[in-house]
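# Fold the following for me, if possible:
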Amino acid sequence: MSDLSSVNHQINPENIKVSLSQKSTMDSSTNNQQEFQENQDTTNEQTNGNENQEKSDDHTIPAVENTTEIYYPFDPRDHGLDENFSMINYGDIRDKLIHPGHHDIQAFLTTFINTQVDRPITLLTEETTIMKLSNNDYYLLETSNFITPMLNEPYYIGKTAFVNVMSGIYALGIAECTTHRMAISIPSTIDIPTRNIIIPLITQGYLDAATDAHVSVQGIRIINSSSFLIGGNATSIILEQQILRRDIACPGDIIILTKPIGTSVAIALSQYIEDPVKRNEIIKKIKLSDVLDAKYRALDVMVKSNLYPAVLMRKYATHAVCEISTHGLYGHADVLVKKQLQPVDFVINNLPIISKMDMVAKLVGLSGQFLTGRLPEISGGLLVVMSKEHGIHYCQTITQTYGGQAWIIGSVEPGNGSVLIKNLPKIINVPDMEQKSKKH
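Below is the predicted model of the structure:
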């Protein structure tokens with residue numbers, strides 16, 4: 001990985017743009033979707049009204065407040081800390097971004113599963129497992145995840161950590177959470193007064209995100225370690241019929257992505273510009289205001305829950321789905337396509353990205369990895385496979401009802417279990433979001 005991730009980051013509040021109406025977000029999503037459909041062979045015909053939609057099942061879609069997140073950059077001085085304090089100094093971004101490949105993890109977990117003869121486990125994703133409980137018809141779904149501070153934003157790191165944990169459950173279309181515990185690993189090098197300021201901010205962000213998702217957090221575990229890690233563990237006890245099938249993609253289906261990619265590039269860029277030499281190199285190609293816009297668009301992506309898009313999948317007969325996170329778009333799609341019962345390929349022709357991050361990736365030598373979906377995402381979206389007809393309605397509903405965004409990025413074709421990303425995919429630049437100010 002480039003040394004993008006090693007530079008500390010501090011934001012000047014005077015550079016933050018303010019205010020954005022939700023309508024502009026919805027309009028940009030609609031316009032992008034229309035432009036996208038004009039260039040995508042699989043979506044060149046619009047369906048009318050609600051024709052052929054499936055009726056919603058008994059799974060209730062939680063109420064979602066249709067508002068834009070309000071941000072305010074964390075200033076250590078507001079909390080009695082030294083102005084040079086940064087959570088990033090206590091994180092371990094490089095180790096998080098250079099994650100073991102999904103093939104390595106798959107091999108390890110396959111070996112592990114083969115030893116569990118008494119309690120068979122079905123692997124769903126790298127972080128999520130499901131196990132049939134003894135002597136009844138219920139299953140235990142369990143997921144856990146952790147992130148390291150990639151920004152000096154304690155409150156929003158807490159929110160991101162919660163969203164990241166719950167995505168493993170949401171990727172199965174499950175909204176209910178039976179138990180949820182938060183966990184924080186605190187660097188032993190950070191002094192107690194600083195801990196007493198930072199930990200409550202992280203925890204408040206985590207709990208606020210939980211409240212928004214109608215999840216009760218039963219407890220928190222705090223341990224000492226060499227670096228910051230924030231995350232948790234969530235479980236859900238469910239009946240088998242509540243689990244969405246993830247292995248029935250068929251030729252003619254379309255592939256949808258519910259969040260743009262580019263979070264790791266945008267976040268790393270916001271740190272990169274703090275080095276004067278590297279900053280001069282960057283601003284020759286991209287404006288400083290664009291860097292800040294990208295950083296806050298990435299933050300908006302990271303704290304946005306996958307709850308609503310996940311539950312909505314039940315209404316539109318999802319054939320396959322996975323979350324996009326540590327292993328990037330390609331890595332997670334590759335695991336998913338190999339689970340399909342039919343011999344198919346996932347063909348990806350379009351990439352919705354945080355605005356201008358393709359330019360930045362090229363500037364720092366990561367263009368090849370970025371344009372093939374091989375860079376990690378931080379609290380990314382869902383990759384959803386549906387029929388063309390249902391998929392178009394799914395995207396429209398997310399935009400018009402939820403105020404979110406979703407893009408049709410490709411199609412399912414007959415094949416041999418491969419992910420094929422077009423050599424020069426069509427780039428959809430997701431506009432940056434202006435930010436309102438709010439202190440935490």
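# For the stretch 101-250 of the chain, just list every one of the strands.
Along the stretch 101-250 of the chain, counting by DSSP state E, counting those that start in this stretch, strands occupy 121-123, 128-132, 138-147, 179-187, 219-225, 229-239.
# could I get these as JSON lines with mean neighbour count, distance to residue 395 and mean pLDDT?
Yep, even glycine has a C-beta here, placed from its N, CA and C like the rest. Shown next, in JSON lines, are the strands of the stretch 101-250 of the chain (neighbours: other Cβ atoms under 10 Å; distance: least, Cβ to Cβ, whole Å; pLDDT from 0 to 100):
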{"stretch": "strand 121-123", "mean neighbour count": "14", "distance to residue 395": "29", "mean pLDDT": "47"}
{"stretch": "strand 128-132", "mean neighbour count": "17", "distance to residue 395": "25", "mean pLDDT": "84"}
{"stretch": "strand 138-147", "mean neighbour count": "20", "distance to residue 395": "26", "mean pLDDT": "91"}
{"stretch": "strand 179-187", "mean neighbour count": "19", "distance to residue 395": "30", "mean pLDDT": "95"}
{"stretch": "strand 219-225", "mean neighbour count": "12", "distance to residue 395": "37", "mean pLDDT": "90"}
{"stretch": "strand 229-239", "mean neighbour count": "20", "distance to residue 395": "27", "mean pLDDT": "94"}
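# What I need now is the ones you listed written out in a markdown table, including distance to residue 292 for each item.
Conversion of the strands of the stretch 101-250 of the chain to a markdown table gives the following (distance: least, Cβ to Cβ, whole Å):
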| stretch | distance to residue 292 |
| --- | --- |
| strand 121-123 | 40 |
| strand 128-132 | 34 |
| strand 138-147 | 22 |
| strand 179-187 | 28 |
| strand 219-225 | 32 |
| strand 229-239 | 24 |
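# The residue nearest to residue 273 when sequence neighbours are not counted: neighbour count?
Leaving out its chain neighbours, the residue that sits closest to residue 273 by Cβ to Cβ, 6 or more residues apart in numbering is residue 279, at 4.4 Å. Neighbourhood size, residue 279 [other Cβ atoms under 10 Å]: 15.
# Indicate which one of the strands of the stretch 101-250 of the chain is closest to residue 325.
strand 138-147 (7.6 Å; Cβ to Cβ).
# Residues contacting stretch 357-368, please?
2, 4, 261-262, 265-266, 269, 272, 281-282, 285-286, 294, 369-371, 375, 427 (Cβ atoms under 8 Å, 6 or more residues apart in numbering).
# returning to what we had before: what distance do you get for the residue nearest to residue 273 to residue 288?
Per Cβ to Cβ, to the nearest Å, residue 279 is found 8 Å from residue 288.
# Now list whatever residues contact both of these two.
residue 273.
# Okay, domains of this protein per the record?
3-69+245-430, 76-242 (automatic domain parsing).
# How far off centre is the helix or strand containing residue 269?
According to DSSP states H and E, residue 269 maps onto helix 263-272. With Cα atoms, centre = their mean, to the nearest Å as the basis, helix 263-272 stands 15 Å off its chain's centre.
# Please pull up the helix or strand immediately following it.
Heading C-terminal from helix 263-272 (DSSP H and E), you reach helix 276-283.
# What does the pLDDT read for residue 371?
Reading off the confidence values, residue 371 has pLDDT 94.
# which ones are touching it?
Counting by Cβ under 8 Å, 6+ apart, residue 371 has contacts 351, 358, 361, 421, 424, 425.
# Helices of this protein, start to end?
Here the chain has its helices, by DSSP state H, at 22-38, 93-97, 102-114, 154-170, 192-212, 263-272, 276-283, 288-303, 307-312, 328-337, 357-363, 367-371, 388-397.
# Pipe those into a markdown table and attach distance to residue 252 per row.
Formatted as a markdown table, these follow (distance: least, Cβ to Cβ, whole Å):
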| stretch | distance to residue 252 |
| --- | --- |
| helix 22-38 | 16 |
| helix 93-97 | 36 |
| helix 102-114 | 27 |
| helix 154-170 | 26 |
| helix 192-212 | 36 |
| helix 263-272 | 31 |
| helix 276-283 | 43 |
| helix 288-303 | 30 |
| helix 307-312 | 21 |
| helix 328-337 | 15 |
| helix 357-363 | 29 |
| helix 367-371 | 26 |
| helix 388-397 | 7 |
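# wait, which of these is closest to residue 183?
helix 154-170 (9.2 Å).
# roughly how far apart are the residue nearest to residue 273 and residue 392?
For residue 279, the distance to residue 392 equals 43 Å [Cβ to Cβ].
# any idea which residue sits dead centre in this structure?
Centroid-nearest residue in the chain: residue 380, 1.4 Å away (criterion: Cα atoms, centre = their mean).
# Spatially nearest residue to that one, not counting backbone neighbours?
Residue 380 sits nearest to residue 324 (Cβ to Cβ, 6+ apart), 3.6 Å away.
# Quick check: that neighbour vs residue 199, distance?
Taken as Cβ to Cβ, the span from residue 324 to residue 199 is 29 Å.
# With residue 263 instead?
From residue 263 over to residue 199 the distance is 24 Å, taken as Cβ to Cβ.
# Make sure residue 305 is actually in contact with residue 211.
No. Using Cβ atoms under 8 Å, residue 305 makes no contact with residue 211, being 11.3 Å away.
# Show me the shaky parts of the stretch 51-200 of the chain.
51-70, 92-127 (pLDDT under 70).
# coming back round to it: and the contacts of stretch 357-368, which are buried?
Buried subset of the contacts of stretch 357-368 (neighbour count, 16 or more other Cβ atoms under 10 Å): 4, 261-262, 265-266, 269, 272, 282, 286, 294, 369-371, 375.
# Include distance to residue 91 when you put those into a markdown table, please.
Supplementary listing: those in a markdown table, determined by distance: Cβ to Cβ, whole Å:
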| residue | distance to residue 91 |
| --- | --- |
| 4 | 14 |
| 261 | 22 |
| 262 | 20 |
| 265 | 17 |
| 266 | 17 |
| 269 | 17 |
| 272 | 16 |
| 282 | 22 |
| 286 | 25 |
| 294 | 20 |
| 369 | 22 |
| 370 | 22 |
| 371 | 27 |
| 375 | 18 |
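# backbone phi and psi for the residue nearest to residue 382 when sequence neighbours are not counted, please?
Excluding the flanking residues, the one nearest residue 382 by Cβ to Cβ, 6+ apart is residue 258, at 4.7 Å. Main-chain dihedrals, residue 258, degrees, to the nearest 10: phi -100, psi -10.
# Count the neighbours of residue 258 for me.
29.
# For it, give me its contacts.
Here residue 258 is in contact with 306, 309, 381, 382, 384, 398, 404, 405, 406 (Cβ under 8 Å, 6+ apart).
# wait, which of those residues is closest to residue 413?
Closest to residue 413, out of all of these and judged by Cβ to Cβ, is residue 384, at 16.9 Å.
# Leaving out chain neighbours, which residue sits closest to the closest one?
residue 256 (4.4 Å).
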